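Let's see this in three dimensions:
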Amino acid sequence: MFEGEDGMSKWTVLAGVSALLALAGCDVHVRDDTPTAYPANHEVGMYEIKAHVARDSMVQPDAVFMFDVGGKGRIDMTSDGSGDEWHAIVPARCQSSFPVQFLVVWKRQGLSTGQKLVPPKPRQVELTPPPLTKEVSIDTSRKSSKGWEGAVSYRFVTAQSTNITAAHIEPLSQDPADVAAAKPITVNTSLPVQAPCAVPVEIRLSSTAQKAHGNLVIDTDLPGMPHWTTKVEFAPK
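Numbering: from 1, shown residues only. Have a look, this model is predicted:
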């Protein structure tokens, strides 16, 4: 048994070592398994986030709690039976990405509570916009002395509001026949056009020829989609 000041100092050292060893076995390790991107789905508007947790020997599964704190609020996460896999559903609409950051909290046996943020700063999960209208056929079966009209509809879902800033017709190719087929087509819509999230908007077209075709090229201020091309064909059915 230790005696005197030397004895007390040895007990202090041993107690400190024991505490450090206990703490060394009381850590939690988090791996972010959430994909880097999801296809944007405005109808559902919900996306899964998930993480894997590895516990040191002195941390029990029921002593761990996880939350997503990347957004404005806190979302409780749930685990599988083993406490290794954690997931939650995050709502996101009319945006091109959403933030993810995990807060893991755990109890150390009889010691204290530990916690950490993974990653240290929120990361963005990209929401890839769905393709816009690729091809449109406009029926010119009816007789007309003034020409034929039609429209191309677009719907944007990854921004609160999107502007179609410009639109024009280009030939399908530089072949003389395609160049001639595009000349009768005119863009009639006044631009810019503002498209609220998920609300379809139209670019109206007309053709002075019963048979015509070309590419409608639109310019937008939507990040990642500065231009979009739609093949347009005027023809009788």
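
is it true that P223 touches S96?
Yes. Using CB atoms under 8 Å, P223 is in contact with S96, at 5.8 Å. The C-beta positions use only the backbone N, C-alpha and C, and glycine is treated the same way.

Overlap of the contact sets of those two?
Taking CB atoms under 8 Å, 6 or more residues apart in numbering as the contact rule, P223 and S96 both touch A159.

Which one's more surrounded, the two?
Legend: neighbour count by other CB atoms under 10 Å for P223 and S96, higher for S96 (18 against 12).

And the pLDDT at S82?
Looking at S82, its pLDDT reads 81.

check contacts around it.
S82 makes contact with P61, according to CB under 8 Å, 6+ apart.

helix/strand/coil for it?
When classified by DSSP: H, G, I helix; E, B strand; the rest coil, S82 comes out as coil.

swap in V179?
Classified using three-state DSSP, V179 is helix.

Ok, D62 next?
Criterion first, three-state DSSP; result for D62: helix.

and it, how many neighbours?
So D62, with other CB under 10 Å, has 9 neighbours.

Low-confidence stretches in the chain?
1-25, 109-111 (pLDDT under 70).

So it: which segments form each domain?
Under automatic domain parsing, the residue ranges defining each domain of the chain are 28-128, 135-235.

and the residue most central in space within the chain, what is it in contact with?
Per CA atoms, centre = their mean, the C-alpha nearest to the average position across the chain is that of L127, at 2.0 Å. With contacts defined as CB under 8 Å, 6+ apart, L127 is in contact with 37-40, 47, 92, 95-98, 158.

Please repeat the previous calculation with a cut-off of 10 Å.
Contacts of L127 were listed using CB atoms under 10 Å, 6 or more residues apart in numbering, and they are 37-42, 45, 47, 92-98, 157-158.

now it, which residues is it bridged with?
Taking DSSP bridges as the rule, L127 bridges to Y38.
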